[in-house]
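K.L.:
Need coordinates for the following:
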Amino acid sequence: MVRKCRRCPVLDTNATSAFCFNDKGGATHEFVVAGRSRARRSSHTIQSSRMEAESKGNEAAPLPRVGMFLSGIDLLRNRAYNKGSSFSLKERQLLNLEGLLPAHVSSQEEQVARAILRLDGCGSDLDRYTHLMSIQGRNRSLFYSIVCNNVERCLPLVYTPTVGLACQRFGNLYQQSRGLNLTLQHKGHISKVLRNWKDSGAVRAIVFTDGERILGLGDLGASGMGIPLGKMALYTALGGVDPACTLPVMLDVGTNNQAMLDDPMYTGLKQKRVRGAEYDEFIDEFITAAQAEFGENVLLQFEDFANANAFRLLDKYQDRCCTFNDDIQGTAAVVTAGVLAAVPLTKVPWKDHRFLFYGAGSAGLGIAELLAVACAKSVGCTVDEARGQIWCIDSRGLVFKGRKSGGISANKVAFAHEWKDAEEYGNEKQPLEKYIELLGITGIFGVSAQSGVFTEPAIKQLVVNTPKPIVFALSNPTSKSECTAENAYTWSDGACIFASGSPFQPVTLPNGVTCVPGQGNNSYIFPGVALGILVSGARRVRNEVFLTAAEALAAQVPAENLAQGCVYPSLSEIRKVSAVIAAAVAKDVHDEGLATVARPDDLLQDCLAHMWSPEYPTYA
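P.N.:
Just a heads-up that it's a prediction; the model follows:
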């Protein structure tokens with residue numbers, strides 16, 4: 001087994017030692033060669049010992065270790081250890097870097113400032129995305145330092161909305177592999193392929209997709225790899241998960257997007273999607289192999305699977321491995337958090353609210369179910385009774401019991417209610433404002449990926465129903481949002497509580513009032529949930545965890561944000577928010593008896609202590 005020091009450019013083959021001798025105390029590297037101690041400058045295999053530990057008289061000093069010392073160009077090309085122009089003069093001498101870097105030793109802060117200047121000079125957000133990905137490919141710590149210190153600036157670049165465009169042009173932008181691509185050609189030996197990942201011994205969390213439903217953009221096939229890459233980056237930047245523990249995976253089973261198949265720059269399998277038994281066998285082999293290679297409790301996050309597979313795969317594997325689906329459960333948690341914060345602002349009790357979802361796919365139904373659980377808890381009724389306050393619209397119109405136009409699929413049955421106006425209005429799809437009027441709707445949620453479906457008449461009808469309606473236009477990227485923040489605030493005369501999936505700027509109305517939209521982005525939820533799962537060593541992820549996460553997020557919205565109608569915390573505080581969510585999740589895991597580590601005295605401090613920081617280590 002090969003281990004590498006987490007803070008030094010040393011690969012360790014001694015499985016009994018958890019740390020490099022330089023990791024604690026920052027001593028200069030010393031290596032024992034042929035019975036004498038001296039500093040080594042070559043890059044071939046060498047033998048090292050923990051000189052510092054021995055000098056302090058520790059009786060149980062680890063055995064000598066065999067390792068590989070990275071230096072010179074090899075070190076500068078290793079993104080995990082490279083510090084670029086921040087290597088000190090002493091480090092440059094020790095690590096064979098003299099002459100390979102400019103004379104000035106830059107601080108990490110100077111490097112971040114230089115990168116921001118470069119971002120300012122880029123002509124488009126896609127250029128900025130490409131620049132940031134280039135930095136991530138050569139200097140991991142610098143990339144995360146840039147993002148962590150400029151979250152509000154960088155989040156829309158690293159993730160939605162820019163990542164959607166990056167996926168659409170993935171083949172044109174491709175420069176280097178930053179994840180693992182598993183194809184049908186690997187069927188039968190996926191375990192062997194997983195071992196090719198250079199950090200395989202450290203992997204504890206995997207985000208994987210088959211690329212069939214990328215954001216609101218549909219089937220992008222292998223070009224959907226940008227989503228696992230972006231999610232894993234946010235695990236670290238926003239949740240503090242050690243990047244060495246993360247692995248983005250594309251499961252390439254083909255694509256039905258003819259434009260992709262015809263594109264000479266497309267990087268994936270050029271064939272139609274595989275369905276049925278062959279598809280299921282491929283997914284099953286991957287999950288089985290991942291658990292075998294990385295441990296039974298490795299976190300497996302489903303990402304952007306199409307509706308036909310999302311629910312059934314989650315149901316199939318939820319009790320078999322440590323897994324969740326962010327589109328279903330993460331989206332549900334962040335939206336429910338927004339509603340938990342919004343309902344007190346409406347001055348309408350939970351029992352009198354009526355919610356309508358425009359879109360009844362995996363995201364919409366996942367939100368509706370968790371919202372029903374939250375409503376039941378707040379009202380003191382059963383979950384089934386709370387479901388009665390929630391309605392859905394799909395491609396055929398309102399979902400209601402006995403609908404003749406297309407029937408009702410199994411996963412929508414729970415939200416198919418008796419409708420007293422069905423005989424008069426149920427035979428054909430009605431305008432949105434008509435449903436809002438007839439059902440007494442007080443809050444609408446857009447999960448349709450259809451731009452502009454939240455119309456002016458619909459918003460105005462909401463205001464007729466309730467003085468302060470909830471309007472969440474959640475579809476990503478921005479081009480797919482059901483309405484803009486300006487639309488919602490203008491048409492409601494500033495009365496609505498608005499949130500969206502992608503960011504919108506504050507809106508100043510003619511009367512001088514400035515309305516601040518919230519961003520109901522999953523990035524508030526999944527990094528903290530993942531951290532809590534990993535810190536507690538969870539064996540399984542229960543659905544209840546996501547209500548816990550939603551409540552923890554809603555509790556952290558500052559009063560000044562609520563006063564402006566914004567129902568989410570500032571993104572600049574998101575690492576603190578993630579730590580609180582992680583502690584709440586870890587508490588649930590321990591309370592349910594699903595943890596595999598001892599329960600710490602202070603869960604929040606434990607989560608904070610586990611959060612990886614992008615500051616450069618000192619090598620000499």
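K.L.:
Remind me what the lengthiest strand in the chain packs against, helices and strands.
P.N.:
Counting by DSSP state E, the longest strand found in the chain is strand 246-252. In terms of contacts (3 or more Cβ pairs under 8 Å, 6 or more residues apart in numbering; DSSP states H and E), strand 246-252 is packed against strand 180-183, strand 205-209, helix 226-239, helix 276-294. The way it works is simple: take the backbone N, C-alpha and C, and place the C-beta from them, glycine included.
K.L.:
So for residue 346, which of these sits nearest?
P.N.:
Closest approach to residue 346 among the helices and strands packed on strand 246-252 (Cβ to Cβ): helix 226-239, 29.1 Å.
K.L.:
follow-up on the earlier one: export the helices and strands packed on strand 246-252 to a markdown table and append columns for distance to residue 414, mean neighbour count and mean pLDDT.
P.N.:
Formatted as a markdown table, these follow (distance: least, Cβ to Cβ, whole Å; neighbours: other Cβ atoms under 10 Å; pLDDT from 0 to 100):
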| stretch | distance to residue 414 | mean neighbour count | mean pLDDT |
| --- | --- | --- | --- |
| strand 180-183 | 35 | 20 | 97 |
| strand 205-209 | 27 | 26 | 98 |
| helix 226-239 | 28 | 27 | 97 |
| helix 276-294 | 25 | 16 | 97 |
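K.L.:
Tell me the buried residues in stretch 483-498?
P.N.:
For stretch 483-498, the neighbour count (16 or more other Cβ atoms under 10 Å) marks 483-492, 494-498 as buried.
K.L.:
start to end distance for that stretch?
P.N.:
In stretch 483-498, first residue to last residue: 10 Å (Cα to Cα, to the nearest Å).
K.L.:
For the closest residue to residue 140 other than its chain neighbours, grab the count of nearby residues.
P.N.:
Nearest residue to residue 140 in three dimensions, chain neighbours excluded: residue 79, at 4.7 Å (Cβ to Cβ, 6 or more residues apart in numbering). Using other Cβ atoms under 10 Å as the criterion, residue 79 is surrounded by 18 other residues.
K.L.:
who touches residue 79 in this structure?
P.N.:
When contacts are counted by Cβ atoms under 8 Å, 6 or more residues apart in numbering, residue 79 touches 136, 137, 138, 139, 140.
K.L.:
coming back round to it: which among the helices and strands packed on strand 246-252 is found nearest to residue 345?
P.N.:
Per Cβ to Cβ, nearest to residue 345 of these: helix 226-239, 25.8 Å.
K.L.:
What helices and strands are in contact with whichever strand or helix holds residue 562?
P.N.:
According to DSSP states H and E, residue 562 maps onto helix 559-563. Helix 559-563 sits against no helix or strand, with contacts defined as 3+ Cβ pairs under 8 Å, 6+ apart.
K.L.:
how distant is that helix from the center of its chain?
P.N.:
Relative to its parent chain, helix 559-563 has a centroid offset of 26 Å by Cα atoms, centre = their mean, to the nearest Å.
K.L.:
now swap in stretch 309-322 and tell me
P.N.:
With Cα atoms, centre = their mean as the basis, the mean position of stretch 309-322 lies at 18 Å from the chain mean.
K.L.:
Can you find the helix or strand in the protein with the smallest mean pLDDT?
P.N.:
Scoring the helices and strands of the chain by mean pLDDT, DSSP states H and E places strand 45-48 at the bottom, with a mean of 25.
K.L.:
how much does the longest strand of the chain deviate in direction from helix 276-294?
P.N.:
Here strand 246-252 runs at an angle of 160 degrees relative to helix 276-294 (axes from the mean of the first three to the mean of the last three Cα atoms, to 10 degrees).
K.L.:
Isn't residue 268 up against residue 221?
P.N.:
Yes. Residue 268 lies in contact with residue 221 (Cβ atoms under 8 Å); the separation is 4.7 Å.
K.L.:
the more surrounded of these two?
P.N.:
More neighbours surround residue 221 than the other of residue 268 and residue 221, with 30 against 23 (other Cβ under 10 Å).
K.L.:
is it true that the more buried one touches residue 262?
P.N.:
No. Using Cβ under 8 Å, residue 221 is not in contact with residue 262, being 12.0 Å away.
K.L.:
can you tell me the helix or strand for residue 324?
P.N.:
strand 323-325.
K.L.:
helices or strands up against that strand?
P.N.:
Using 3+ Cβ pairs under 8 Å, 6+ apart, strand 323-325 sits against strand 299-302, helix 307-317.
K.L.:
ok, residues contacting the last one?
P.N.:
It stands for helix 307-317. Against helix 307-317 from outside (Cβ under 8 Å, 6+ apart): 210, 212-213, 279, 283, 287, 300, 302, 305, 323-325, 327-329, 361-362, 365, 411.
K.L.:
any low-confidence regions in the stretch 1-150 of the chain?
P.N.:
1-68 (pLDDT under 70).
K.L.:
now the strands for it?
P.N.:
With strands called from DSSP state E, counting those that start in this stretch, the stretch 1-150 of the chain shows them at 3-4, 10-12, 31-33, 36-38, 45-48, 65-69.
K.L.:
Next one: residue 216, what pLDDT does it get?
P.N.:
Residue 216 carries a pLDDT value of 82.
K.L.:
With residue 479 instead?
P.N.:
89.
K.L.:
what residues are up against it?
P.N.:
161, 451.
K.L.:
Chain neighbours aside, what residue packs nearest to residue 391?
P.N.:
Closest to residue 391 by Cβ to Cβ, 6+ apart is residue 356, at 4.9 Å.
K.L.:
Same question for residue 241.
P.N.:
Residue 241 sits nearest to residue 235 (Cβ to Cβ, 6+ apart), 4.2 Å away.
K.L.:
Against residue 336, how distant is the one you found?
P.N.:
21 Å (Cβ to Cβ, to the nearest Å).
K.L.:
tell me the SS of residue 296?
P.N.:
Of the three states, residue 296 takes coil under DSSP: H, G, I helix; E, B strand; the rest coil.
K.L.:
now swap in residue 357 and tell me
P.N.:
Three-state assignment for residue 357 (three-state DSSP): strand.
K.L.:
And it, how far from residue 335?
P.N.:
10 Å.
K.L.:
anything in contact with each of these two?
P.N.:
Contacts common to residue 357 and residue 335, judged by Cβ under 8 Å, 6+ apart, are 367, 445.
K.L.:
Show the contacting residues for the nearest residue to residue 252 once chain neighbours are set aside.
P.N.:
In space, and not counting its chain neighbours, residue 252 is closest to residue 183: 4.3 Å by Cβ to Cβ, 6+ apart. Shown in contact with residue 183 (Cβ under 8 Å, 6+ apart): 252, 253, 268, 269.
K.L.:
Residue 340 too?
P.N.:
Applying Cβ under 8 Å, 6+ apart, the residues contacting residue 340 are 374, 550, 551, 554.
K.L.:
Please, which helix or strand holds it?
P.N.:
helix 331-346.
K.L.:
What is the burial count for residue 454?
P.N.:
25.
K.L.:
so it, which of the three states?
P.N.:
Under three-state DSSP, residue 454 comes out as coil.
K.L.:
ok, it to residue 446 distance?
P.N.:
In terms of Cβ to Cβ, residue 454 sits 6 Å off from residue 446.
K.L.:
Now for these two: what residues contact both?
P.N.:
358, 473, 482, 483.
K.L.:
quick one, what contacts the closest residue to the last one other than its chain neighbours?
P.N.:
On the basis of Cβ to Cβ, 6+ apart, the spatially nearest residue to residue 483 that is not a chain neighbour turns out to be residue 454, at 3.7 Å. Applying Cβ under 8 Å, 6+ apart, one finds that residue 454 lies in contact with 358, 432, 444, 446, 471, 473, 482, 483, 487, 488.
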